[in-house]
Each structure stands twice: as structure tokens, then as C-alpha cells.
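Student: can you look at this prediction? I've put the sequence above it.
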Amino acid sequence: MSSEYIITLLKPMLEGAQTTILLFIIAIVLSIPLGFLLTLAVNSKVKILSYLAHGYIYVMRGTPLLLQLLFICFGLPMIPGVGEYLVLDRFVAATLGFVLNYAAYFAEIFRGGLLSIDKGQYEASKVLGMTKWQSLTRIIVPQMIRIALPAVANESITLVKDTALLYAVAVPELLHFAQTAVNRDFTIVPFFIAAIIYLVMTLVLSLFFKYLERKFKFE
């Protein structure tokens with residue numbers, strides 16, 4: 001296989017990788033804070049809010065992400081009466097699906113982090129005269145982040161790989177261009193190149209989270 005052929009493959013595949021990276025960044029930036037808000041809602045003393053948050057998490061974690069993407073992209077426009085107002089750009093619809101899905105997973109990760117914090121930490125903050133907000137932001141959340149960080153790292157790496165599901169809703173990303181090249185040229189080389197690009201992205205992400213883990217460990 002000539003180097004010229006590989007170079008011709010790289011240009012469209014790297015363009016597809018840009019879509020993959022963009023989706024990843026948007027999904028992470030939005031789903032992590034949304035997940036934390038869901039965690040607070042689950043632990044809320046307002047029962048209806050807690051039940052709704054539990055129900056949301058159950059549905060989003062209990063159904064396939066692909067099904068959710070298909071519903072948002074193709075199902076919402078079919079709803080009688082309002083469907084015409086719910087037609088979204090495919091990339092926007094897919095991004096919405098990823099954000100809503102991963103927020104539920106991050107919510108469970110953060111909830112686990114909060115449950116692992118000793119209750120004495122809450123009592124100590126009260127003794128120091130801190131408000132609930134000060135206790136949450138200065139004591140509880142930093143410890144929760146330290147505990148939850150490895151799980152967040154694993155989920156983030158999974159998110160990178162899950163971006164391949166964009167292919168199923170006709171959003172041209174890395175796998176789309178790899179599959180197109182395979183069908184056109186009758187060779188599996190594009191799949192190997194796609195695998196290498198995915199491995200590079202997950203390697204960079206793994207190194208970034210390793211850095212964060214060391215930083216939080218020694219703070």
C-alpha cells in the first residue's frame with residue numbers, strides 16, 4: 001500500500017476526526033455540570049425533584065444510546081402537532097443525545113463520590129461555621145472530584161469511542177469516511193487508520209486525566 005494512498009485517506013479522515021473531537025468537547029463541557037446538577041436533584045429533600053431525577057437517570061442509562069439518538073433525530077419530528085418544530089440539524093440532535101445520555105452516567109459517578117465522603121466532613125464544616133454552600137464548594141466537591149476522577153476518565157474515553165454512533169444518524173465523522181473508503185477501494189486499510197486515530201485520541205485523553213489525578217492527589 002503506497003504512502004500516497006495513505007495520505008489521500010488521511011485528509012478526509014482527519015476532517016472526520018475534527019467532528020468527533022468537536023462532539024466530544026461539547027458533550028463533556030455540558031454533560032459534566034448537568035450530571036452534577038442531577039446528582040444534587042437526586043439528593044434533594046424535595047421528593048418530587050428527587051423522583052424525577054431518579055427516573056431520568058434510569059431511563060437514560062437503561063436504554064441504548066443509539067436508540068436515543070435515533071429518537072431525537074428521527075422520532076421527535078414525527079410527534080403529531082409539534083414535530084415540525086422539533087426538526088434539528090443532525091449534528092445538533094446527536095450532540096443533544098450525547099449530552100443527555102452522558103449526564104445520567106456522570107450523575108451516578110458523582111453520586112457515588114458523594115456517598116464515599118465520610119459524614120464527619122459535613123459535621124466538621126458545620127462546626128467551622130460554614131454555610132451549606134461553602135461546605136459544598138470548599139470541602140465536599142473537591143473531595144468528590146478526587147474520588148470520582150478515575151471513573152470520569154473511563155467514561156470520557158468511552159465517550160470518544162461512542163462518537164462512532166454518529167455514523168448511524170448520517171453525521172459524517174471519522175468512521176463514516178473510513179467506511180466510505182473501504183467500500184470504494186475494497187481494502188481494510190482505512191479501518192486500521194481509523195483505529196490508530198482513535199487510539200491517539202484516547203491516549204491523549206488518558207494522559208490528560210493521569211495529570212489531573214496526580215494534581216488532585218497532591219493538593
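Tutor: Received the coordinates, thanks.
Student: and Ile79, what are its phi and psi?
Tutor: In terms of degrees, to the nearest 10, the main-chain angles of Ile79 are phi -70, psi 120.
Student: per-residue pLDDT, Leu22?
Tutor: pLDDT for Leu22: 95.
Student: ah, wrong one, I meant Phe218
Tutor: pLDDT, Phe218: 54.
Student: now Asp185
Tutor: Per-residue confidence (pLDDT) for Asp185: 86.
Student: and it, how far from Ser2?
Tutor: 12 Å (C-beta to C-beta, to the nearest Å). Where you see a C-beta, it was placed from the backbone N, CA and C, and this is true even at glycine.
Student: between the two, who's got more neighbours?
Tutor: Asp185 (14 against 7; other C-beta atoms under 10 Å).
Student: once you drop chain neighbours, what's closest to Ala17?
Tutor: Leu174 (4.8 Å; C-beta to C-beta, 6 or more residues apart in numbering).
Student: ok, that neighbour to Leu37 distance?
Tutor: Taking C-beta to C-beta, one finds Leu174 at 31 Å from Leu37.
Student: and for Leu52?
Tutor: In terms of C-beta to C-beta, Leu52 sits 12 Å off from Leu37.
Student: repeat for Ala17
Tutor: In terms of C-beta to C-beta, Ala17 sits 31 Å off from Leu37.
Student: of these two, which one has the most company?
Tutor: A count of neighbours by other C-beta under 10 Å puts Ala17 above the other of Ala17 and Leu37, at 21 against 14.
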